[in-house]
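S.K.: What follows is a protein structure lacking sequence information:
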């Protein structure tokens with residue numbers, strides 16, 4: 001059984017009747033990377049800032065390593081927070097930025113020097129001690145911000161959309177780097193993002209949030225394959241919604257299997273769009289509804305626009321009831 005690192009019990013923080021979070025209960029395991037995922041304004045950053053001590057909560061308990069921390073100021077909590085804007089001091093060198101916190105804690109200079117060397121090696125930034133933040137790329141600044149947070153040896157690292165200012169290629173690289181850093185240092189991380197691809201790529205578990213509540217908590221695979229609500233089904237990945245006599249079916253495009261029609265066909269191909277290793281095919285169904293299918297590029301060669309086709313669903317979600325086609 002994994003060891004419990006953080007236990008959030010009944011966390012409530014309201015800014016108004018409709019803004020904030022209410023009665024959040026969440027457990028984070030030691031060594032886990034848990035992501036709070038959701039649209040802007042859903043409450044994910046409110047939770048993160050409450051854990052870090054930057055929000056005074058209305059009620060609830062925050063128990064970290066078996067100790068209640070909800071009444072402690074940020075500097076007294078065993079947490080480290082990396083903000084979206086990095087918050088590196090531009091007038092200080094990398095070394096000075098990283099040494100600032102330990103100096104306040106009266107850490108000996110020789111120990112600070114060794115810790116900085118160790119942290120820079122961990123984030124693959126050795127040798128940049130004398131550089132200023134403006135001399136670094138966005139990805140490099142982010143690595144320094146993480147290294148600076150780790151200087152204080154936090155029990156829990158809090159990351160608030162740390163890659164949002166980076167371009168797509170650098171973001172992808174930083175995801176890999178973060179996982180490597182986490183595993184090498186044995187970190188427990190809570191990560192906030194509104195980017196579903198980012199959450200799916202790096203998380204051990206994901207808490208999908210909506211309007212101040214957690215809609216679903218589970219592994220990326222669980223959430224993708226078995227969304228617990230229509231909101232989760234719409235928010236995570238591509239999804240078709242098909243109405244039938246029993247309600248609504250949620251079907252991933254990759255679970256729509258096409259075959260040449262027998263007779264008039266169940267649908268007609270409206271559009272064929274190659275997208276690299278797969279092809280997106282949009283169908284116009286008999287009832288006028290559109291249906292999207294992702295087809296391996298080799299199989300897509302057998303389908304053309306305006307062709308009549310039949311289809312079956314390999315897997316679908318009838319929301320609370322999981323079903324399979326024969």
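M.R.: Sure, I can see it. Quick caveat: nothing in here was measured; it's all calculated off a predicted structure.

S.K.: What does the pLDDT read for residue 308?
M.R.: As predicted, residue 308 sits at a pLDDT of 95.

S.K.: which one is it nearest to, not counting chain neighbours?
M.R.: residue 265 (3.2 Å; C-beta to C-beta, 6 or more residues apart in numbering). Bear in mind the C-beta positions are built from the backbone N, C-alpha and C, glycine included.

S.K.: count of neighbours near the nearest residue to residue 152 once chain neighbours are set aside?
M.R.: In space, and not counting its chain neighbours, residue 152 is closest to residue 101: 5.1 Å by C-beta to C-beta, 6+ apart. Applying other C-beta atoms under 10 Å, we find 16 residues neighbouring residue 101.

S.K.: Mind telling me which residue is nearest the centre of the protein?
M.R.: The C-alpha lying nearest the average C-alpha coordinate of the chain belongs to residue 199 (C-alpha atoms, centre = their mean; 2.5 Å).

S.K.: Please identify which helix or strand holds that one.
M.R.: helix 196-202 (DSSP states H and E).

S.K.: Can you name every helix or strand that that helix contacts?
M.R.: Helix 196-202 sits against strand 33-37, helix 168-185, strand 189-193, helix 220-225, with contacts defined as 3 or more C-beta pairs under 8 Å, 6 or more residues apart in numbering; DSSP states H and E.

S.K.: tell me the angle of the third one relative to helix 168-185?
M.R.: Pointing back at strand 189-193 there. If you take axes from the mean of the first three to the mean of the last three C-alpha atoms, to 10 degrees, strand 189-193 sits at 170 degrees to helix 168-185.

S.K.: List the pairing partners of strand 189-193 within its sheet, with orientation.
M.R.: Sheet pairing of strand 189-193 (DSSP bridges) gives strand 33-37 (parallel), strand 156-160 (parallel).

S.K.: Export these to JSON lines and append columns for distance to residue 261.
M.R.: As requested, the strands paired with strand 189-193 are arranged in JSON lines below (distance: least, C-beta to C-beta, whole Å):
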{"stretch": "strand 33-37", "distance to residue 261": "40"}
{"stretch": "strand 156-160", "distance to residue 261": "50"}
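
S.K.: For those strands, give me JSON lines that also has mean neighbour count, mean pLDDT and distance to residue 71.
M.R.: Output for the strands paired with strand 189-193, formatted as JSON lines (neighbours: other C-beta atoms under 10 Å; pLDDT from 0 to 100; distance: least, C-beta to C-beta, whole Å):
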{"stretch": "strand 33-37", "mean neighbour count": "25", "mean pLDDT": "97", "distance to residue 71": "23"}
{"stretch": "strand 156-160", "mean neighbour count": "23", "mean pLDDT": "94", "distance to residue 71": "17"}
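
S.K.: Make sure residue 251 is actually in contact with residue 316.
M.R.: Yes: if you go by C-beta atoms under 8 Å, residue 251 and residue 316 touch, sitting 4.5 Å apart.

S.K.: and the two? which has more neighbours close in?
M.R.: Neighbour count, other C-beta under 10 Å: between residue 251 and residue 316, residue 251 has more, with 23 against 19.

S.K.: pLDDT wise, what is the residue nearest to the centre of the chain at?
M.R.: Residue 199 is given a pLDDT of 94.

S.K.: In contact with residue 181, which residues?
M.R.: Contacts for residue 181 (C-beta atoms under 8 Å, 6 or more residues apart in numbering) come out as 122-123, 146, 187.

S.K.: Farthest pair within the residues you listed?
M.R.: Pairwise distances across the contacts of residue 181 (C-beta to C-beta) peak at 12.0 Å, for the pair 123 and 187.

S.K.: Secondary structure element holding residue 114?
M.R.: Per DSSP H and E: helix 109-122 holds residue 114.

S.K.: returning to what we had before: ok, of the contacts of residue 181, which one's closest to residue 242?
M.R.: So of the contacts of residue 181, ranked by how close each gets to residue 242 (C-beta to C-beta), first place is residue 187, at 42.2 Å.

S.K.: Many thanks, I have nothing further to ask.
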